[in-house]
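J.: mind looking at a prediction? Sequence and model below.
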Amino acid sequence: MYYVLLSGGFGRRLWPLSNEARPKQFIRAVKKEKNTMENCSMIQRVWEQLEEAGMASHTIVSAAQEQTELIESQLGRMEIAREPEQRGTFAAVLLSCAYLHDKMGADLEDYVAIMPVDPYTEGSYFTSLQGLEQIMQDSQAEVGLMGVKPLYPAVRYGYILPGEQRDSYFLVRGFVEKPEEKEARELVAEGALWNCGVFCVKIADMLERTKTYGADGSYESVLKNYGNIPKISFDYQVVEKARDLAAIEFRGFWRDLGTWDAFGEQMSTDTIGRVLLDEGAENTQVINELEIPVVVLGTRDLVVAASQDGILVTEKSQAFRVGEATTGLKSRPMFEERRWGTLETLDDTGEEKMSTLTRKIRIYDGMNSSYHFHRERDEIWTVLEGTGELLLEGNRISLFPGKAVCIRRNQRHAVKALQNFSYIEIHVGTSTGNEDINRITFQWDEIERSSIL
């Protein structure tokens, strides 16, 4: 059986740490399963669990193209089904199945379990996942599901309604989405399960569906016709329309860390970053990504989060409102993590005819930027620390603290870090956005050859 981690979302429920450049599954603040005092991200935690269960070699990630560098920064080189645009989980599943068949050698009759990239759970969860294949074979269901035994009558989860019980699974008679508290209590009493977003299907069935949208089931064909696939969730398009559904129950530990109150409970420590939290504070977690200190005194039931994008102070009971409350806050992400390093925006000044962008960039040792050029802006670099080398239109330039370089528009360039390398980069021009990054290649050996042509 194969497995797909769905990682296409760009939610804001964990603002200001989560944004378009760093969705919640990449925030390095939760506990590892084996070492609870070490920080990691949700995607790092689940990948370590997949490796522990022996499932990683049969697992791919489905993600937006913009997330590729971030995934590889945290997990290394990966098998990624790159979504050319966001069209919901239905399109992502079709693309992933095509990738498994074409790129991973999966058979048409193989089953694939699809799951969110960010479950906060324990190792037995993955043992249960592996059991879905046998249940699909025994039941001959169109879709297999896994539900979680509720700990309380939650109103922010969907519920799976159990039907006829079989030996190791049960048939599904329906669903209830985010009920009121009274109904949630009734659902728990009658044995309904939390819907944890896991489903299992046969690859052949999914590839057959691609033909409706002009594709032939191959990965390249699905990519080419991706815009024809309805922008809809897999739940609405497939699960709720399926006639035969089978499900299993997971009784272990599981949490959806979709809000700050849930996320704070699973942090490795109550504070991360430059934080002073006094002993009088109760049930309070503070994350500070800024260089300035944050002092929190005498609080109760709070989450405080500070980053370059903003500062959040919320009672845990009100944490569910963060996503909606910040919907209107539109700005360039001030901190970004890439495969090769990090970018911190210090100033972004936009004028009608001329804009400037100032960033602090750190490149990991041995890593490099892409070989690229800009048509609409010049760049001025000043090295802060460490050593590196710049390839600029055939010239190799050594970089060291205090070195300043001017890169004119249309000049091809790339930089490689040798040791502890960081610099200030100032963009001046009519465009300072990603739309004016014209990439040629990321491979350093190709860059070295191209730079002398």
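T.: Structure received.
J.: can you pull out the helices in the stretch 151-300 of the chain?
T.: For the stretch 151-300 of the chain, the helices defined by DSSP state H, counting those that start in this stretch cover 181-189, 203-210, 219-224, 234-237, 260-265.
J.: please identify the deepest-packed of those helices.
T.: Mean neighbours per residue, mean count of other Cβ atoms under 10 Å, is largest over the helices of the stretch 151-300 of the chain for helix 260-265, with a mean of 22. Where you see a C-beta, it was placed from the backbone N, CA and C, and this is true even at glycine.
J.: ok so, going back, show me the one of the helices of the stretch 151-300 of the chain that comes nearest residue 280.
T.: With Cβ to Cβ, the closest approach to residue 280 among the helices of the stretch 151-300 of the chain belongs to helix 260-265: 17.8 Å.
J.: what is the rounded mean pLDDT of that closest one?
T.: Averaged across helix 260-265, the pLDDT comes to 89.
J.: helices or strands up against it?
T.: Using 3 or more Cβ pairs under 8 Å, 6 or more residues apart in numbering; DSSP states H and E, the elements in contact with helix 260-265 are strand 254-256, strand 302-307.
J.: can you tell me which of these the model trusts least?
T.: Among those, strand 254-256 carries the lowest mean pLDDT, a mean of 90.
J.: what's the spacing between it and its chain's center?
T.: Remark: strand 254-256 is offset 16 Å from the chain centroid, using Cα atoms, centre = their mean, to the nearest Å.
J.: that strand pairs with which strands?
T.: Applying DSSP bridges to the sheet, strand 254-256 is found paired with strand 119-121 (antiparallel).
J.: from the helices and strands packed on helix 260-265, which stretch is densest packed?
T.: strand 302-307 (a mean of 24).
J.: where exactly do the strands run in the stretch 251-400 of the chain?
T.: Secondary structure of the stretch 251-400 of the chain (DSSP state E, counting those that start in this stretch): strands at 254-256, 271-272, 275-277, 285-288, 294-296, 302-307, 310-315, 335-337, 341-350, 355-363, 371-373, 377-392, 395-399.
J.: can I get the helices of the stretch 151-300 of the chain in CSV including distance to residue 119?
T.: Formatted as CSV, the helices of the stretch 151-300 of the chain follow (distance: least, Cβ to Cβ, whole Å):
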stretch, distance to residue 119
helix 181-189, 20
helix 203-210, 22
helix 219-224, 26
helix 234-237, 16
helix 260-265, 12
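J.: between these, which one is nearest to residue 398?
T.: Of these, nearest to residue 398 by Cβ to Cβ is helix 219-224, at 41.5 Å.
J.: give me the average confidence score over the closest one.
T.: The average pLDDT within helix 219-224 is 96.
J.: check stretch 193-200 too.
T.: For stretch 193-200, the mean pLDDT works out to 94.
J.: that stretch: how far from the chain's middle?
T.: On the basis of Cα atoms, centre = their mean, stretch 193-200 sits 19 Å off its chain's mean C-alpha point.
J.: what's the answer for stretch 287-305, then?
T.: Counting by Cα atoms, centre = their mean, stretch 287-305 comes out at 25 Å from the chain centroid.
J.: how long is it end to end?
T.: Between the start and the finish of stretch 287-305 there is a gap of 5 Å, counting by Cα to Cα, to the nearest Å.
J.: what residues of it count as buried?
T.: Residues of stretch 287-305 classed as buried: 287-289, 294, 296, 299, 301-305 (neighbour count, 16 or more other Cβ atoms under 10 Å).
J.: reformat the helices and strands packed on helix 260-265 as JSON lines; add distance to residue 174.
T.: Converted to JSON lines, those look like this (distance: least, Cβ to Cβ, whole Å):
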{"stretch": "strand 254-256", "distance to residue 174": "21"}
{"stretch": "strand 302-307", "distance to residue 174": "35"}
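J.: so, low pLDDT: which residues of this structure?
T.: For the chain, applying pLDDT under 70 flags the ranges 10, 35-37, 451-453.
J.: state which helix of it is the longest.
T.: Across the chain, the longest stretch assigned as helix under DSSP state H is helix 88-103.
J.: tell me which other helices or strands that helix touches.
T.: With contacts taken as 3+ Cβ pairs under 8 Å, 6+ apart, helix 88-103 sits against strand 2-7, strand 59-64, strand 80-83, strand 111-116, helix 203-210, helix 219-224, helix 234-237.
J.: quick one: closest of those to residue 102.
T.: Among the helices and strands packed on helix 88-103, the nearest to residue 102 by Cβ to Cβ is helix 219-224 (4.2 Å).
J.: and the closest one, how far from the chain's centre?
T.: On the basis of Cα atoms, centre = their mean, helix 219-224 sits 23 Å off its chain's mean C-alpha point.
J.: residues contacting that helix, please?
T.: Applying Cβ atoms under 8 Å, 6 or more residues apart in numbering, the external contacts of helix 219-224 come out as 81, 84, 94-95, 98-99, 101-103, 210, 214-215, 229.
J.: and these, which are buried?
T.: 81, 94-95, 98-99, 101-102, 210, 215, 229.
J.: now, which of the buried residues of stretch 287-305 sits nearest residue 334?
T.: Residue 334 lies nearest to residue 289 out of the buried residues of stretch 287-305, by Cβ to Cβ, at 9.7 Å.
J.: partners of the residue lying closest to that closest one once chain neighbours are set aside in the sheet?
T.: Using Cβ to Cβ, 6 or more residues apart in numbering and skipping residues adjacent in sequence, the residue nearest residue 289 is residue 307, 4.3 Å away. Residue 307 has the following beta-bridge partners by DSSP bridges: residue 310.
J.: circling back to that earlier point, so for residue 88, which of the helices of the stretch 151-300 of the chain sits nearest?
T.: Of all the helices of the stretch 151-300 of the chain, it is helix 234-237 that lies closest to residue 88, at 7.6 Å by Cβ to Cβ.
J.: hang on, the earlier thing: ok, of the contacts of helix 219-224, which one's closest to residue 124?
T.: Ranked by distance to residue 124 (Cβ to Cβ), the contacts of helix 219-224 are led by residue 81 at 27.3 Å.
J.: which residues touch the residue lying closest to residue 355 once chain neighbours are set aside?
T.: Excluding its sequence neighbours, the residue lying closest to residue 355 (Cβ to Cβ, 6+ apart) is residue 432, at 4.9 Å. By Cβ under 8 Å, 6+ apart, residue 432 lies in contact with 348, 350, 355-357, 377.
J.: likewise residue 61?
T.: Contacts here follow Cβ under 8 Å, 6+ apart; on that basis residue 61 touches 4-5, 7, 43, 71, 75, 78-81, 117.
J.: ok, those vs residue 248, which is closest?
T.: Of all the contacts of residue 61, residue 248 sits closest to residue 4, with 18.2 Å by Cβ to Cβ.
J.: count the residues that sit near the closest residue to residue 84 other than its chain neighbours.
T.: The shortest distance from residue 84 to any non-neighbouring residue, by Cβ to Cβ, 6+ apart, is to residue 226 (5.2 Å). Per other Cβ atoms under 10 Å, the neighbour tally for residue 226 reads 19.
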